[in-house]
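A.B. asks: Here is the input, now give the coordinates:
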Amino acid sequence: MEPNKQQDSRLHSASPSTSSVKSLESSSEPLDDNKGLLFQTTISKYESLLKKSLFISSSLQDVVDRKVSFSFFSNKIWLYLYLIVQSFWAITRYALITWLYFSENHDKGQRYQLLLGDYFEQLGLFGRLMTVGYMTFSFACVVDKLILLRFETQGRLDFLTNFLSLKPSLNGNENDMDALNGFSVETLSSEVKEKLLHSMNNILFLADISIRISSVSAQLLDTICCGFFVFRNHDNLLACLVSFTHLALVLPCIEMVVRHFIAMYSSFLMTADYFKARIHFLIQRVRSLNGVNLNEQNADQVLVLYDLLIQEFSKQDYLLRHLLRNLVYFYCFKLTIIFFSYTIPAIHVLRACMAGISTFLVLGIMASGLNVGQVNKKTRDLYEELNVMAARSSVERKLSLKTRKRLLLSIKELGSLQVNGQFVVGLRDGSGPPTSSLEIVKLTFETVSLTLMMFSIFNF
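C.D. replies: Next up is the predicted model:
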């Protein structure tokens, strides 16, 4: 079922009572200027990261409202130029060079490599490994960009825009409360919002530093290799011209690729932190319903919070499942590259540099995957707490039949195998295991085992 249809049916069936909403709103605090400034600064940095990474061409709220801007001076033009250059030049060139590596006619292959300006050949087997890596990086980035472009035109970049709910209270009312059927419900406490904003600030700071260092390092390596290539083949004017043309086209693309992956993984980390905080807040509310606190009004509040959480899961998974799938597959490839780099005979300094770069990338991807996987563990904890609440309500008989039925349906929805699947956050959709920490660890060991087996077969 499409997420919009799911949300409409849930909105129709799960309206909170006015008293429960007023009770939740009564905990609002006056606006703190420092908190408001922290929110504006953090969201501004995050929006700038998304724009420079070519994820969005307008503001966060404009994306939600489907007011995607397009003009000649918009960064969307740069996105289309990037896709054209990567698809019709860079990826094609890397693929041809990779195919020539396996050519049976060695002399003919080297001649065509020279005409294609393969300056990474100056590094030997490491250079060939880098060509394959560049091809994979570029291909994965283009696929992600096309997915994001498709969903942006539909106004469906929900996983990038849910942080607007972290806005602090204003004039005694929670601006950031999620709406359900015309009512407002607080989904996070003020302390948690402030903590999340500080965490986002730290992630954005590290992301900015990583982008600068990685971009400059990769561009410098390309420039040095191109310089050596031209110096050694200065008598071949066509090869020098092709290598210079490729360098001029690929240098801006390198920064865009680096920005894309770092911004993407940073967004995954922040999204996972956001959902873990949402689920933890809900678990705390469920645990507080004991003794005299277990009544119709409080149970209604918990079920409303649960409905809002499932709505967000549906919106997130609609897009994130495609991006997480690419992340997992790319992680497997980079893990194989690490092991292969250690088998190449070379000086220890060069081997350490190449293996260190690959290790850094793999650790970054693995950290993102494990952090996203923790959301599934939190969801399991919520499932257990709701079961305890259902058992307590059956014993104490303080809830109406309608509320108990809603609670049981929520438990069934949360734990049913029919709503479970792969490459999604929290819940699943029936096509495989969820994106959990356990699945990431399993995938790591499986990739290592298969890689070592292939090495033993080919006698590396």
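A.B. asks: Could you look up the SS state of the residue of the chain most remote from its centre?
C.D. replies: The C-alpha centroid of the chain is most remote from Asp235, which lies 47.0 Å away (C-alpha atoms, centre = their mean). Counting by DSSP: H, G, I helix; E, B strand; the rest coil, the backbone at Asp235 sits in coil.
A.B. asks: Look up phi and psi at it.
C.D. replies: phi -80, psi -10 (degrees, to the nearest 10).
A.B. asks: Give me the distance between it and Leu129.
C.D. replies: 28 Å (C-beta to C-beta, to the nearest Å). Using the backbone N, CA and C atoms, a C-beta is placed for each residue, glycine as well.
A.B. asks: Give me the below-cutoff pLDDT ranges for the stretch 151-300 of the chain.
C.D. replies: 155, 158-165, 167-186, 291-292 (pLDDT under 70).
A.B. asks: just the strands in it please.
C.D. replies: 178-180, 183-185 (DSSP state E, counting those that start in this stretch).
A.B. asks: roughly how far apart are Phe313 and Val375?
C.D. replies: 9 Å.
A.B. asks: same thing with Thr245?
C.D. replies: 45 Å.
A.B. asks: which of the two has more neighbours?
C.D. replies: Using other C-beta atoms under 10 Å as the criterion, Thr245 and Val375 rank with Val375 on top: 26 against 12.
A.B. asks: Which secondary structure elements does the one helix or strand the more buried one maps to sit against?
C.D. replies: When elements are defined using DSSP states H and E, Val375 is found to belong to helix 348-396. If contacts are counted by 3 or more C-beta pairs under 8 Å, 6 or more residues apart in numbering; DSSP states H and E, helix 348-396 sits against helix 125-153, helix 237-287, helix 296-342, helix 401-415, helix 437-458.
A.B. asks: and the angle for it with helix 296-342?
C.D. replies: Using axes from the mean of the first three to the mean of the last three C-alpha atoms, to 10 degrees, the inter-axis angle of helix 348-396 relative to helix 296-342 is 160 degrees.
A.B. asks: tell me the angle helix 348-396 makes with helix 237-287.
C.D. replies: 20 degrees.
A.B. asks: Helix 348-396: how far from the chain's middle?
C.D. replies: Chain-centre distance of helix 348-396: 13 Å, with C-alpha atoms, centre = their mean, to the nearest Å.
A.B. asks: now it: mean pLDDT?
C.D. replies: Mean pLDDT, taken over the full extent of helix 348-396, equals 78.
A.B. asks: Sort out which residues of stretch 107-123 are buried, please.
C.D. replies: Gly109, Gln113, Leu114, Leu116, Gly117, Asp118, Tyr119, Phe120, Glu121, Gln122, Leu123 (16 or more other C-beta atoms under 10 Å).
A.B. asks: who touches that stretch?
C.D. replies: 93, 96-97, 100-101, 103, 127-128, 130-131, 222, 225-226, 228-230, 232-233, 236, 238-240, 242-247, 350 (C-beta atoms under 8 Å, 6 or more residues apart in numbering).
A.B. asks: End to end on it, go ahead and measure it.
C.D. replies: 18 Å (C-alpha to C-alpha, to the nearest Å).
A.B. asks: so what's the nearest residue to Tyr101 once chain neighbours are set aside up against?
C.D. replies: Sequence neighbours aside, Arg128 is the residue nearest to Tyr101 in space, at 5.6 Å (criterion: C-beta to C-beta, 6 or more residues apart in numbering). Counting by C-beta under 8 Å, 6+ apart, Arg128 makes contact with Thr98, Tyr101, Phe120, Glu121.
A.B. asks: what's the neighbour count on the closest residue to the third one other than its chain neighbours?
C.D. replies: Read that as Phe120. Excluding its sequence neighbours, the residue lying closest to Phe120 (C-beta to C-beta, 6+ apart) is Gly127, at 3.5 Å. Look at Gly127: counted by other C-beta under 10 Å, it has 16 neighbours.
A.B. asks: now do Lys276
C.D. replies: 19.
A.B. asks: Thought Gly373 was touching it, still the case?
C.D. replies: No - checked against C-beta atoms under 8 Å, the pair Lys276 and Gly373 is beyond contact range at 10.9 Å.
A.B. asks: Contacts only, for Val328.
C.D. replies: By C-beta under 8 Å, 6+ apart, the neighbours of Val328 are Gly369, Phe423, Thr435, Ile440, Leu443.
A.B. asks: Rank those by pLDDT and give me only the lowest.
C.D. replies: Phe423 (59).
A.B. asks: Tell me the spacing between Lys377 and Gly415.
C.D. replies: With C-beta to C-beta as the criterion, Lys377 and Gly415 are 14 Å apart.
A.B. asks: Who are the contact partners of Val192?
C.D. replies: Ala277, His280, Phe281.
A.B. asks: If I look at the residue nearest to Tyr101, what pLDDT would I see?
C.D. replies: Confidence score, pLDDT, at Arg128: 84.
A.B. asks: what's the answer for Asp8, then?
C.D. replies: 45.
A.B. asks: And for Gly124, the neighbour number?
C.D. replies: Gly124 has 13 nearby residues by other C-beta under 10 Å.
A.B. asks: Check the gap between it and Ala95 for me.
C.D. replies: From Gly124 to Ala95 the distance is 20 Å (C-beta to C-beta).
A.B. asks: repeat for Val395
C.D. replies: For Val395 relative to Ala95 (C-beta to C-beta), the value is 65 Å.
A.B. asks: which of those two has more neighbours?
C.D. replies: Each of Val395 and Ala95 has its neighbours counted (other C-beta under 10 Å); Ala95 has more, 15 against 8.
A.B. asks: The more buried one and Met135 touch, don't they?
C.D. replies: Yes - between Ala95 and Met135 there is a contact at 5.9 Å, judged by C-beta under 8 Å.
A.B. asks: Quickly find the element holding Leu399.
C.D. replies: Residue-wise, Leu399 maps onto no helix or strand under DSSP H and E.
A.B. asks: Show the contacting residues for it.
C.D. replies: Leu294, Asn295, Glu296, Ala299, Ser393, Leu407.
A.B. asks: Of the contacts of Val328, which is the most crowded?
C.D. replies: Neighbour max across those (other C-beta under 10 Å) = Thr435, 29 neighbours.
A.B. asks: quick one: secondary structure of it?
C.D. replies: coil.
A.B. asks: Then Ala90?
C.D. replies: helix.
A.B. asks: my read: it touches Phe139, true?
C.D. replies: No - if you go by C-beta under 8 Å, Ala90 and Phe139 don't touch, sitting 9.5 Å apart.
A.B. asks: which of these two has more neighbours?
C.D. replies: A direct count of neighbours by other C-beta under 10 Å for Ala90 and Phe139 places Ala90 higher, at 23 against 18.
A.B. asks: And that one, how far from Gln122?
C.D. replies: 19 Å.
A.B. asks: now the nearest residue to Lys334 once chain neighbours are set aside: how far from Thr447?
C.D. replies: Once flanking residues are discounted, Lys334 sits nearest to Val362: 4.9 Å by C-beta to C-beta, 6+ apart. In this view, Val362 and Thr447 are 10 Å apart by C-beta to C-beta.
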